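>>> Predicted model and sequence below, questions to follow.
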Amino acid sequence: MTRLRSLAAVLLPALMAFALAACAATATGTRGGATGPADGDRFSLAPGAMVTLPGEGTLRYARLVDDSRCMPDVQCVWAGDAEVAFEWRPTRGGTDAFSLHTGKGDKSHRIGRHLLVLAGLERGVAPEAQLTLEAAP
């Protein structure tokens, strides 16, 4: 019985960490589903998560670079800015690393035949990004 408890004490935290990592590495969207978002879709990505645009490539939310946004319920002179790093890997070609901003800086970037727009960013150490995929002009 003691040996079983020792095994459970080791395996349970590892399994919980694995489950949390799996949950964090998923993308959610309005219509995208398993095939990825389509034109006009708004979807969310957590840090480290990846989404596939069929026939075009993959987009990964690399990390939160910086977040100087004014905290909720605090009066600030400037709203601040958060910078989020992404990696676009087209089906053919090299990796395109870029950042999007909530304040000053680029809020959109062309990926394949689309324009990726940072529509919102939650707060916290690993904030989820709300993104919109639009047909590029």
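Cool, the structure landed.
>>> Please make it C-alpha for all contacts and neighbour counts, starting now.
Noted.
>>> Ramachandran coordinates for Val51?
Geometry field for Val51 lists phi and psi as phi -130, psi 140, criterion degrees, to the nearest 10.
>>> How many residues are close by it?
25 (other CA atoms under 10 Å).
>>> Which strand residues bridge it?
With beta bridges defined as DSSP bridges, Val51 has these partners: Leu59.
>>> What's the per-residue pLDDT of it here?
You'll see Val51 listed with a pLDDT of 94.
>>> I'd guessed it sits against Leu59; true?
Yes. At 5.4 Å, Val51 counts as touching Leu59 under the criterion of CA atoms under 8 Å.
>>> Low-confidence regions, the protein specifically.
The model of the chain has pLDDT under 70 over residues 1-35.
>>> let's see 50
4, 7-8, 10-26, 28-34 (pLDDT under 50).
>>> Now the most centrally placed residue in the chain: phi and psi?
Within the chain, one residue has its C-alpha closest to the average C-alpha position: by CA atoms, centre = their mean, that is Leu45, at 3.0 Å. Its backbone dihedrals place Leu45 at phi -130, psi 140, with angles given as degrees, to the nearest 10.
>>> What's the separation between Arg92 and Ala136?
With distances taken as CA to CA, to the nearest Å, Arg92 is found 19 Å from Ala136.
>>> which residues of the chain fall in helices?
Secondary structure of the chain by DSSP state H: the helices cover 2-24.
>>> Do you have the strands of it handy? List them.
Taking DSSP state E as the criterion, the chain contains strands spanning 27-29, 42-45, 50-53, 57-67, 82-90, 96-101, 108-111, 114-121, 129-135.
>>> okay if I get the ones you listed as JSON lines plus distance to Cys76?
Written out in JSON lines, the entries for the strands of the chain read as follows (distance: least, CA to CA, whole Å):
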{"stretch": "strand 27-29", "distance to Cys76": "32"}
{"stretch": "strand 42-45", "distance to Cys76": "28"}
{"stretch": "strand 50-53", "distance to Cys76": "34"}
{"stretch": "strand 57-67", "distance to Cys76": "14"}
{"stretch": "strand 82-90", "distance to Cys76": "15"}
{"stretch": "strand 96-101", "distance to Cys76": "18"}
{"stretch": "strand 108-111", "distance to Cys76": "25"}
{"stretch": "strand 114-121", "distance to Cys76": "18"}
{"stretch": "strand 129-135", "distance to Cys76": "23"}
